[in-house]
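how would this look folded up:
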Amino acid sequence: MDESTHAKITLRSVKRSIQSKQSSTSAPPTSPRAEKRQKLRIKHRNNQLLQLWRVVVCSSITYGLGVLVIKNGWSLIDVEQITVQGSSKIQAASIISASGFSFPKPLFAINPKQLKINLLKELPIRSLQIERRLFPPKLTIIIQERKPVAFADRRGIEGKEKGMLDKNGNWMPIRMAPKTDLPLSNVYVEGWVETQKNLISILLENKDKLGSPLTKIILSPNGEISLKTKKFQVVQLGASNLPIKKQIKALYQLSINLPAKLVNKKNIILDIRDPSKPELQIPNNDL
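The predicted model follows:
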C-alpha cells in the first residue's frame, strides 16, 4: 500500500471520528411518550403549587376570622348592645334587670337557655328568641308579649297575693304590670289556683256570652267555683268536672228570660251545678 492510499484511509478515519463526536454531543431525539410524561410532570407540579397557594390563603382567612370571632365573642355586652324587638314597653334595661346576670358581660359568657328561663319568669313574655351576633357584637331578643286580661289574687305562703291573668288563665305577678298594658275588662278572679286555669280561661273567653256581663270568678278554698254577674250576685257552678259549656248556655237563657224581680237581688243564689235542672234559691223574706 502506497503512501497516498494510506493517507486517504487515515483521512476517512479522522472524518468518522469527528462525526462520531458531533453525534455524541448533540441531544438525543425525544419520543412522543417522553414529551407527554414531561408535560404531565409540569402539570402535576403546577397543581401542587396551586393547592399550596389555596391552603395558605384559606389558612390566613381562617386565622383572621378566628381572631375576629374570639375578639368579638369576648366583647362586653351592656344596655347599648342589646336590641329588643316585639314590645314597646320592654326595653334593654328591663332585659338586664330581669336577666339574673351581672352586666356588662362577655357575649360568649351569656347562656341563652338560662337567660330565656329568667326572662319568661320575670317579664310578661309568652315566647322569645335570643340571638347572639358577632358582627358587630350584640344581643338581639325577639319577643311575643303576654297580655293580661283580668286582675286576680291567690292564696300564698305570706297571705293573699295580687296579680293578673293572661287569656290562657296563667298567673302573672303584679310586678309585671309596668311592662305591659293593663287589663281592659272589669272581671276579677278571686282565689286563682293552677289546677283551674283552663276553666278560668273558658270563662274569661265567654265573659260577654252569659246574658249579663261577668264581673267576678270566685274559687273557694273548698274547691267550689261560683260567678258574679251584673244580674246575679251568686251563680254556683260546682267543684269539679264541670259541664262548663252547658252551664254557660243555661246561664245565658236564665239571664235573658227570668223576670226582673228575680234578678239583681243580693241574697238570691242561682245554682246551675246541674245545668239541665237549674235552681233559684230565694230567701223567705224576699218572696
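
contacts only, for residue 270.
Contacts for residue 270 (CB atoms under 8 Å, 6 or more residues apart in numbering) come out as 232, 234-236, 251, 254, 278-281. In this view, the C-beta of every residue, glycine as well, is placed from N, C-alpha and C.

strands along this protein, start to end?
For the chain, the strands defined by DSSP state E occupy 76-77, 82-85, 105-106, 125-134, 137-145, 148-156, 159-166, 171-173, 188-190, 214-219, 225-229, 234-238, 269-271, 279-281.

what does the fourth one contact?
Residues lying outside strand 125-134 but in contact with it, judged by CB under 8 Å, 6+ apart, are 68-69, 72-73, 90, 107-108, 110, 112, 115-116, 119-120, 139-146, 166.

redo the contacts of residue 270 as JSON lines? Include neighbour count and distance to residue 155.
Compiled in JSON lines, those are given as follows (neighbours: other CB atoms under 10 Å; distance: CB to CB, whole Å):
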{"residue": "232", "neighbour count": "27", "distance to residue 155": "25"}
{"residue": "234", "neighbour count": "17", "distance to residue 155": "20"}
{"residue": "235", "neighbour count": "26", "distance to residue 155": "22"}
{"residue": "236", "neighbour count": "20", "distance to residue 155": "21"}
{"residue": "251", "neighbour count": "26", "distance to residue 155": "26"}
{"residue": "254", "neighbour count": "22", "distance to residue 155": "31"}
{"residue": "278", "neighbour count": "18", "distance to residue 155": "30"}
{"residue": "279", "neighbour count": "11", "distance to residue 155": "29"}
{"residue": "280", "neighbour count": "14", "distance to residue 155": "31"}
{"residue": "281", "neighbour count": "11", "distance to residue 155": "27"}
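
would you turn those residues into a markdown table with pLDDT?
What follows is the contacts of residue 270, written out as a markdown table (pLDDT from 0 to 100):
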| residue | pLDDT |
| --- | --- |
| 232 | 91 |
| 234 | 93 |
| 235 | 95 |
| 236 | 96 |
| 251 | 96 |
| 254 | 93 |
| 278 | 94 |
| 279 | 93 |
| 280 | 90 |
| 281 | 87 |
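
of the residues you listed, just say which sits nearest to residue 218.
Closest approach between the contacts of residue 270 and residue 218, by CB to CB: residue 234, at 8.6 Å.

give me the distance between that closest one and residue 273.
12 Å (CB to CB, to the nearest Å).

same question for residue 164.
Distance from residue 164 to residue 273, by CB to CB: 29 Å.

now swap in residue 117 and tell me
Distance from residue 117 to residue 273, counting by CB to CB: 41 Å.

between residue 164 and residue 273, which is the more surrounded one?
residue 164 (24 against 16; other CB atoms under 10 Å).

quick check: closest non-adjacent residue to that one.
residue 148 (3.7 Å; CB to CB, 6 or more residues apart in numbering).

picking that back up, if any of the contacts of strand 125-134 are buried, put those into a ChimeraX selection.
To isolate the buried members of the contacts of strand 125-134 in ChimeraX, using 16 or more other CB atoms under 10 Å:
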select :72,90,107,108,110,115,116,119,120,139,141,143,145,146,166
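
taking their axis directions, the lengthiest helix in the chain and strand 137-145 sit at what angle?
As assigned by DSSP state H, the longest helix anywhere in the chain is helix 32-73. Computed by axes from the mean of the first three to the mean of the last three CA atoms, to 10 degrees, the angle separating helix 32-73 from strand 137-145 equals 70 degrees.
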